[in-house]
Every structure is written in structure tokens, then in C-alpha cells.
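1. Sequence isn't available, so here's the structure alone:
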């Protein structure tokens, strides 16, 4: 498993994307979002997605040049058509529009439709938080999850992110794990996955990655409280696709199947903190709240109470210093891709 310094990995991603026709500014934006996920330890949403993006671009299922357009803007609300472009392109614009509207009206709510995978939602929530906002990001996704008491997939993992200036960055799917965790296990030829991650085609819990691929992901809450995750997934679908006029549930394509655009919808809500109190006061109050949470005695088997974003921030500091570990099967795919496109593969800083 080679370790690649983040700057070298970023350079490689940008060169691969430009080699398949992506403009330099879009390649830089896309690469930054993917590498940021790897730095935070969210490897399922990082560089392993590059070959999938390349397939989408080369097949014409995703438009390398589309930049999207505003469909309507009415006071604090804006509707955006991503025009089947790279998801990071639409997400960056929608975040900035949401912040602009929030500064004018106190809240800014933007929905993008006809979009594609935008990496980890945390990247976009953090983009708004850095501008003094509480940032909320939602996204519907390919049909992989059975509704509560069902056994056939009808919804996606439909992630939710809430980011605030200071020590809080929540990014979670409405399933037990993100779908890319299952695909990563399959790519690594891992026959088993932890119990509680997925259901087989009959709707029964399975620890087999191949059976999980035929079935559906486990809703957040598991067998006893899966109605909670299922309800949250449906709420995300309503606030993204239903409200935004985009593809809903089974109408959404898959980034891993060719011949059809993905067409996801994404929502971005910015809340202007200064409308409620000075930003520094908010940060101090948030730090006090988080400190109180962390003051709880750790449960057996744990060294400390960790809050939303803290494990990822710790990983980021380590990986900025020592490099990003790339699993063997991902590395081989990147080497093959570099050979096909005439791009120099990134140099390994060390092997672990």
C-alpha cells in the first residue's frame, strides 16, 4: 500500500482529468474535493472514484464541459440546473450562491438538479462554514436502499451534512454505511463485510459483500430502528429531488452503469450566523458545548469522547504530514489509468 503526498496525488488527478478533456479549472476543483476526502480518511469518496469519473466522461454519461445555469432566483431561493456536468462544478457554485443569498436574506437555499457525484458532502458544508455560515448539504442518490419493511431498493444513501464554524462537521449517510464502503470491499475481493451493513435480496441481514451487492444497504438504525434512517432518506429525497423537480428515486441513474446520466439532485442551505449573534460569540458557545460533550467519561473500550468531525481532522493532520495510503487494488487501477492516458503516476513517499 503506497503512501502518496497530497500535492502529488492532486497533481496526478488534475492531469488525468485534463487528459480526458476537462478544463484546468474544473479539474483543479474536482481534484481538490477528492483529495480532501482522502486526507480526512474518507477514502470511499476520494481518489478511488477517479476511474469511475473517467468512465462517465469518456462514455458521454457526464459532460466534461458543462458549468450549469441558474433556472430561477426568488429572494432567498435559487434553482440550479447542473446540465449533467461534474458534480463538484455545480456544488461549488451552489454553495457560493447559498452564501450570497444568506448574507442578503439571513438564509439561502439552493437546489441543483441534473447533477452528478460531488465527492463527500462535508467538503461543501465546510466551504460554507468557512464563510461564517451554518452549512447544510443534502443529496439524493442511486437506488440502493429498501424502505423500512421492504426488501427492494427504492432510495439512495441520501447523505446529510451539517457544518458550523468551529469544531463541528457532521457528514453521514442515512444508511449504516455509505455505498462506496460496499464497493470498496468488493474491489478489494473482501468476501465478508461487518454484520449490520447490508441486506440480501430477500431482505435479511448479510455479511457477504456479493450478496449485499444483490440486495440493499441497511437503513440507519438497523433492524430495530431502521424506520428512522428510512424516514431521513425520504426527507432528503423530498428536499432535493421532489422539491427541485429532479429525478426521483428509481429515476436516478448509477455512476457505475453506463448509458444513462446519473441526474442526482443536491440541496445547499446557508444560515447567516451574524443574524443571530456575532460570529466570535457563536464560535465560543459552540466550543463550550463541544467541550461539555467531551467531558463525559469514556465508555468501556474507548479512550475519549469524539465529536462530529474530530476523527477526520486528526487523520487529516497525520496524512498531510506522512502521505495518503492508497489500497493496492486502487493503486493498480491508477497505474493502469496513467498508462492508458500517458500521465505520470504519482510517486510513492513510502510503502506500508
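-> Thanks, I have the structure now. As the structure is a prediction and not an experimental result, all values here were calculated from the model.
2. could you list every residue that touches the residue nearest to the spatial centre of the chain?
-> By Cα atoms, centre = their mean, the chain has its centre lying nearest to residue 120, at 2.3 Å. For residue 120, the contact set (Cβ atoms under 8 Å, 6 or more residues apart in numbering) comprises 33, 36, 37, 40, 42, 45, 171. Heads up, the C-betas are built off the backbone N, CA and C, glycines and all.
3. Angles on the backbone of it, please.
-> With angles defined as degrees, to the nearest 10, residue 120 sits at phi -80, psi 130.
4. Give me the distance between it and residue 126.
-> Relative to residue 126, residue 120 is positioned 9 Å away (Cβ to Cβ, to the nearest Å).
5. Same check on residue 221?
-> Taken as Cβ to Cβ, the span from residue 221 to residue 126 is 26 Å.
6. More neighbours: these two, which one.
-> Each of residue 221 and residue 126 has its neighbours counted (other Cβ atoms under 10 Å); residue 126 has more, 23 against 18.
7. need the contact list for the more buried one.
-> Contact analysis of residue 126 by Cβ under 8 Å, 6+ apart lists 135, 163, 169.
8. and it, what pLDDT?
-> Per-residue confidence (pLDDT) for residue 126: 98.
9. can you map out the strands along the stretch 101-250 of the chain?
-> Here the stretch 101-250 of the chain has its strands, by DSSP state E, counting those that start in this stretch, at 107-115, 133-139, 160-164, 168-172, 198-199, 205-206, 216-217.
10. roughly how far is the last one from the heart of the chain?
-> Averaging C-alpha coordinates over strand 216-217 and over its chain gives two centres that are 18 Å apart (Cα atoms, centre = their mean, to the nearest Å).
11. For it, enumerate the helices and strands it packs against.
-> strand 198-199 (3 or more Cβ pairs under 8 Å, 6 or more residues apart in numbering; DSSP states H and E).
12. State the mean pLDDT of the strand it packs on.
-> In this model, strand 198-199 has a mean pLDDT of 90.
13. What strands flank it, and is each parallel or antiparallel?
-> In the sheet, strand 198-199 lines up against strand 205-206 (antiparallel), strand 216-217 (antiparallel) (DSSP bridges).
14. Including distance to residue 150, mean neighbour count and mean pLDDT, could the ones you listed go into TSV?
-> What follows is the strands paired with strand 198-199, written out as TSV (distance: least, Cβ to Cβ, whole Å; neighbours: other Cβ atoms under 10 Å; pLDDT from 0 to 100):
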stretch	distance to residue 150	mean neighbour count	mean pLDDT
strand 205-206	15	20	90
strand 216-217	8	26	90
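15. of all those strands, which lies closest to residue 114?
-> Nearest to residue 114, of all the strands paired with strand 198-199, is strand 216-217, at 24.4 Å by Cβ to Cβ.
16. Could you list the residues in contact with that closest one?
-> Against strand 216-217 from outside (Cβ under 8 Å, 6+ apart): 144-146, 151-153, 157, 175-177, 179, 182, 197-199, 203.
17. repeat that with 6 Å
-> Contact with strand 216-217 is made by 144, 145, 146, 153, 175, 198, 199, as judged by Cβ atoms under 6 Å, 6 or more residues apart in numbering.
18. OK, contacts around the nearest residue to the last one once chain neighbours are set aside?
-> What that stands for is residue 199. Counting by Cβ to Cβ, 6 or more residues apart in numbering, the nearest residue to residue 199 once its immediate chain neighbours are dropped is residue 215, at 4.7 Å. By Cβ under 6 Å, 6+ apart, the contact list for residue 215 reads 199, 200, 201.
19. hmm, 7 Å instead?
-> For residue 215, the contact set (Cβ atoms under 7 Å, 6 or more residues apart in numbering) comprises 198, 199, 200, 201, 206.
20. between the residues you listed, which has the most around it?
-> residue 198 leads those on contacts (other Cβ under 10 Å) with 29 neighbours.
21. Quick one: residues contacting that one.
-> By Cβ under 7 Å, 6+ apart, the contact list for residue 198 reads 182, 206, 212, 215, 216, 217, 218.
22. Out of the contacts of residue 126, which comes closest to residue 303?
-> residue 169 (20.9 Å).
23. ok, that closest one to residue 239 distance?
-> Distance from residue 169 to residue 239, by Cβ to Cβ: 20 Å.
24. Neighbour count: those two, which is higher?
-> Between residue 169 and residue 239, counted using other Cβ under 10 Å, the more crowded position is residue 169 (23 against 20).
25. ok, for the more buried one, nearest residue in space, not its chain neighbours?
-> Closest residue to residue 169 apart from its sequence neighbours, by Cβ to Cβ, 6+ apart: residue 309 at 3.3 Å.
26. want to throw the strands of the stretch 101-250 of the chain into CSV with distance to residue 291?
-> Rendered in CSV, the data for the strands of the stretch 101-250 of the chain read as follows (distance: least, Cβ to Cβ, whole Å):
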stretch, distance to residue 291
strand 107-115, 28
strand 133-139, 19
strand 160-164, 15
strand 168-172, 12
strand 198-199, 37
strand 205-206, 38
strand 216-217, 35
